[in-house]
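>>> curious how this folds, go ahead:
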Amino acid sequence: VAGIPHAAGGVPLVHAHLGAPPAGQRRRDVLPREAALSPGMSAATEFIEKINTEYELLHRAFEYQFWGTKMALSSEEWSVPELTRTKAEMESFLASKEKLEQTRALLVTDVTDDERKTLKMFERTFGCYIMESPVALTLREECMKIEGALEDARNKMTLGATIGGEFVELSSVGLRAKMRVAPEEATRRACYDGVRTIGDFVTANGFVELVKARNAMAKSLGYVDYYDYKVTQAEGFGKAALFDILDTLETGTRPLMVAARARLCAEKGEAALEPWNSAFMMAGSITRQLDPYFPFEKAIEQWGRSFAALGISYEGASMSLDLLDRKGKYSNGFCHWPQPAWLRADGSWQPTVTHFTSLADPSAVGSGHTALTTLMHEAGHAAHFANIRQRSPLFSQERAPTSVAYAELQSMFLDSLVGDAAWRCKYALSRAGEALPFKLHEEDVRAKHPYEVLTLRGMLAVPYFEKALYEMAEEELTAEKIIALADRIEAEIQGGKGGRPLLSVPHLLSDEASCYYHGYVLAEMAVHQTRAYLMARDGVLVDNPKVGPTLRDAYWRPGNSEAFLGLVEKLTGAPLSGDAWVAMLQQDVEELVAEERAAYAAAAKAKAGAPTAGAVELDMRIRIVDGDAVIADTEAHAGDFLATCAQFEAFVSARFPRGAVAA
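Prediction:
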């Protein structure tokens, strides 16, 4: 699952190398078929187990290559050619016409309800990958080669800004973080110019050719274009239906966007509308004031405590976290699963192994807040996929036919808690243990709430850009015209150029994440609808032990066996709409402050009467790594989560002394 849209925002157990599965896990996947099957199995169950076992092996091989290459691990075992090969093998398996025919033949026999459910999911999945056209298959291979070379080049790109006459190397995340807090406009402008160079680089290093190849492949299969192909595979409805939904949101929030930009200009001056100034003008000083209450080294502990209080369990999973930014590392956070969760034929439970990464710089102002938000987001993905209990790993893999919006709803719901007054009262603590004061939270609300619509518009800009991009005539696709298109879409959707240039969005390059961003928009609609439902039911979200089991049973257990829109309606009792989101954007700031004050007071009262916080139990092994190095591991602490956090804190404090905080 691709990273969080508004912040920088997955890792196996190790054997010989970080990223390699333990010997026992690797060997189990290649046991002969007879070892996995029992006498007396039906023909349908034998077929299901054969597909499950073979897919699991191919999935793991690709995902470990994905991790090794994206994290720039040192072993020669990880390479772009191997990444391309293992991905092609996995997709070839999923694109087997023979397997689809066998599935359909079994579906007309006398099978059990469980067998039918799994076979129907096989039918959907194989249907997403089968390409009838030999031309499409050739173009698909070409796409993978271009994409691999482009992403490899992008990861090795020298990126940074000239500040004070000297070039400072920074990742895209680092550049955008500095834009938010640097007091000197010249520094912010230099960082923006640095981020802009990504567009020039990718369009000169294969992106133009990749767009052409993707479109040619999709059109050879009968789709309108590549965007239509991607959304149909993932969501089950086409591009036209998707933009019917998005157009309603775009039209409905345009007046709010115009008003917000006019307000920003009136309050801060016309210069506040410049892309390198907007984020700083809206919240730069607040970000600095909040920073002491989000110490980076405490982020893992606070995430764990918060999720445990919500009643969330990871069902025996193993998770490795690579949180720190470094040269050569993939420029976006993500959460992937080299080992999907599933129930085997003998009834045994296979828990997940999770790959989880972000790009934090603990010396940067705001890094702790970003880290916590990212942890809540990506760990939300991890909790979701750890709790899928179905009869095949194909129910719990993150690619089509798993809905993008379905996957992102879970993570975005949980990261939304970080902005709540009640959550901050309990978990936004300084190094001295002092809670973030409500007065500062109120200042944050007053500074940001009038401009929340600009975040929505920034999210909308990405799908509108990709829609227009893949609708361009092939002869129009040049580097210059793509760059001009990106600037035009920013102006049309955001009202002017944005602080994150569209061509710097890493999702555009990756097959898994391209034509994906609409999922964040649909998910955010569902987040607000789900929050409204739970608040009406329980009156509280933070530390509500009913929340985890509700999400588990309503959203997580089914995996991709049920449609996203149906799941939301089944839980909330209403079809998905943007009503709750727009209502939040329209809420009067005084009314919101009053609500937040009451929530903070209630949380403070509950905290004062609560027993001293004890052990954190998430039912999960956690490893914290930095590239090839292991920083901390719960297995080395007899499963003690807090002891593992303490080891991580010591590492961060030694490597990033507090006096070395960057501007």
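
>>> for A271, what are its contacts?
Residues in contact with A271 (C-beta atoms under 8 Å, 6 or more residues apart in numbering) are 185, 277. In this view, the C-beta of every residue, glycine as well, is placed from N, C-alpha and C.

>>> distance check, it against M281.
8 Å (C-beta to C-beta, to the nearest Å).

>>> now do P401
Taken as C-beta to C-beta, the span from P401 to M281 is 43 Å.

>>> the closest residue to V135 other than its chain neighbours: what's it in contact with?
What sits nearest to V135 in space, not counting adjacent residues and going by C-beta to C-beta, 6 or more residues apart in numbering, is S220, at 4.8 Å. Residues in contact with S220 (C-beta under 8 Å, 6+ apart) are 133, 135-136, 139.

>>> what does R389 give?
Per C-beta under 8 Å, 6+ apart, neighbours of R389: 341-343, 349, 557.

>>> need the three-state assignment for it.
Under the three-state scheme (DSSP: H, G, I helix; E, B strand; the rest coil), R389 adopts coil.

>>> and the strands in the stretch 351-500 of the chain, which stretches?
Here the stretch 351-500 of the chain has its strands, by DSSP state E, counting those that start in this stretch, at 353-360.

>>> in it, which spans are helices?
Ranges of helices within the stretch 351-500 of the chain are 367-386, 404-415, 421-427, 438-448, 452-470, 479-494, based on DSSP state H, counting those that start in this stretch.

>>> just checking, what packs against the third one?
I take that to be helix 421-427. With contacts defined as 3 or more C-beta pairs under 8 Å, 6 or more residues apart in numbering; DSSP states H and E, helix 421-427 has these neighbours: helix 299-309, helix 438-448, helix 589-609.

>>> switch to 6 Å and redo it
Helices and strands touching helix 421-427, by 3 or more C-beta pairs under 6 Å, 6 or more residues apart in numbering; DSSP states H and E, are helix 589-609.

>>> do the same with the second one
In terms of contacts (3+ C-beta pairs under 6 Å, 6+ apart), helix 404-415 is packed against helix 367-386, helix 518-538.

>>> for those, state which one has the densest average packing.
helix 367-386 (a mean of 28; mean count of other C-beta atoms under 10 Å).

>>> any idea of the mean pLDDT for whichever helix or strand G174 is part of?
Using DSSP states H and E, G174 sits in helix 172-181. What helix 172-181 shows for mean pLDDT is 92.

>>> give me the buried subset of the contacts of R389.
By neighbour count, with 16 or more other C-beta atoms under 10 Å, the contacts of R389 hold 341-343, 557 as buried.

>>> can you list those in a markdown table and add pLDDT?
Formatted as a markdown table, the buried ones among the contacts of R389 follow (pLDDT from 0 to 100):
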| residue | pLDDT |
| --- | --- |
| A341 | 98 |
| W342 | 97 |
| L343 | 96 |
| R557 | 98 |
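
>>> in strands only, show me these.
342-343 (DSSP state E).

>>> and the buried ones among the contacts of R389 as a markdown table, adding distance to T109?
Putting the buried ones among the contacts of R389 into a markdown table (distance: C-beta to C-beta, whole Å) gives the following:
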| residue | distance to T109 |
| --- | --- |
| A341 | 28 |
| W342 | 23 |
| L343 | 22 |
| R557 | 27 |
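
>>> quick one: buried residues of stretch 585-599?
585, 592-593, 596, 599.

>>> then stretch 452-462?
For stretch 452-462, by 16+ other C-beta under 10 Å, it's 452-454, 456-462.

>>> dump those residues to JSON lines, plus distance to P506 and pLDDT.
Listed next are the buried residues of stretch 452-462 as JSON lines, based on distance: C-beta to C-beta, whole Å; pLDDT from 0 to 100:
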{"residue": "E452", "distance to P506": "24", "pLDDT": "96"}
{"residue": "V453", "distance to P506": "24", "pLDDT": "97"}
{"residue": "L454", "distance to P506": "21", "pLDDT": "97"}
{"residue": "L456", "distance to P506": "20", "pLDDT": "96"}
{"residue": "R457", "distance to P506": "20", "pLDDT": "98"}
{"residue": "G458", "distance to P506": "15", "pLDDT": "97"}
{"residue": "M459", "distance to P506": "15", "pLDDT": "97"}
{"residue": "L460", "distance to P506": "18", "pLDDT": "98"}
{"residue": "A461", "distance to P506": "15", "pLDDT": "98"}
{"residue": "V462", "distance to P506": "11", "pLDDT": "98"}
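
>>> how about the residues you listed in JSON lines, adding distance to E147?
Compiled in JSON lines, these are given as follows (distance: C-beta to C-beta, whole Å):
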{"residue": "E452", "distance to E147": "34"}
{"residue": "V453", "distance to E147": "34"}
{"residue": "L454", "distance to E147": "31"}
{"residue": "L456", "distance to E147": "29"}
{"residue": "R457", "distance to E147": "28"}
{"residue": "G458", "distance to E147": "25"}
{"residue": "M459", "distance to E147": "24"}
{"residue": "L460", "distance to E147": "25"}
{"residue": "A461", "distance to E147": "23"}
{"residue": "V462", "distance to E147": "18"}
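
>>> out of those, which is nearest to D543?
E452 (24.6 Å; C-beta to C-beta).

>>> quick one: neighbours of K117, just the number.
For K117, the number of neighbouring residues by other C-beta atoms under 10 Å comes to 16.

>>> how long is stretch 286-296 end to end?
Stretch 286-296 stretches 17 Å from its first residue to its last (C-alpha to C-alpha, to the nearest Å).

>>> pLDDT of that stretch, averaged?
For stretch 286-296, the mean pLDDT works out to 93.

>>> can I get stretch 261-281 in PDB, CA atoms only?
Extracted C-alpha coordinates of stretch 261-281, given in PDB (Å, rounded to 0.1, in the frame of the first residue of the first chain):
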ATOM      1  CA  ARG A 261      -7.100  31.400  -0.500                       C
ATOM      2  CA  ALA A 262      -8.700  34.800  -0.300                       C
ATOM      3  CA  ARG A 263      -8.500  34.600   3.500                       C
ATOM      4  CA  LEU A 264      -4.900  33.500   3.500                       C
ATOM      5  CA  CYS A 265      -4.000  36.400   1.200                       C
ATOM      6  CA  ALA A 266      -5.900  38.900   3.300                       C
ATOM      7  CA  GLU A 267      -4.400  37.700   6.600                       C
ATOM      8  CA  LYS A 268      -0.800  37.000   5.500                       C
ATOM      9  CA  GLY A 269      -0.400  39.000   2.200                       C
ATOM     10  CA  GLU A 270      -0.300  38.000  -1.400                       C
ATOM     11  CA  ALA A 271       3.200  36.300  -0.900                       C
ATOM     12  CA  ALA A 272       1.400  33.700   1.200                       C
ATOM     13  CA  LEU A 273      -0.100  32.200  -1.900                       C
ATOM     14  CA  GLU A 274       3.400  31.400  -3.400                       C
ATOM     15  CA  PRO A 275       3.800  27.600  -3.300                       C
ATOM     16  CA  TRP A 276       7.000  27.800  -1.100                       C
ATOM     17  CA  ASN A 277       5.200  30.100   1.400                       C
ATOM     18  CA  SER A 278       1.700  28.700   1.900                       C
ATOM     19  CA  ALA A 279       2.400  25.900   4.300                       C
ATOM     20  CA  PHE A 280       4.700  28.000   6.400                       C
ATOM     21  CA  MET A 281       2.300  31.000   6.500                       C
END
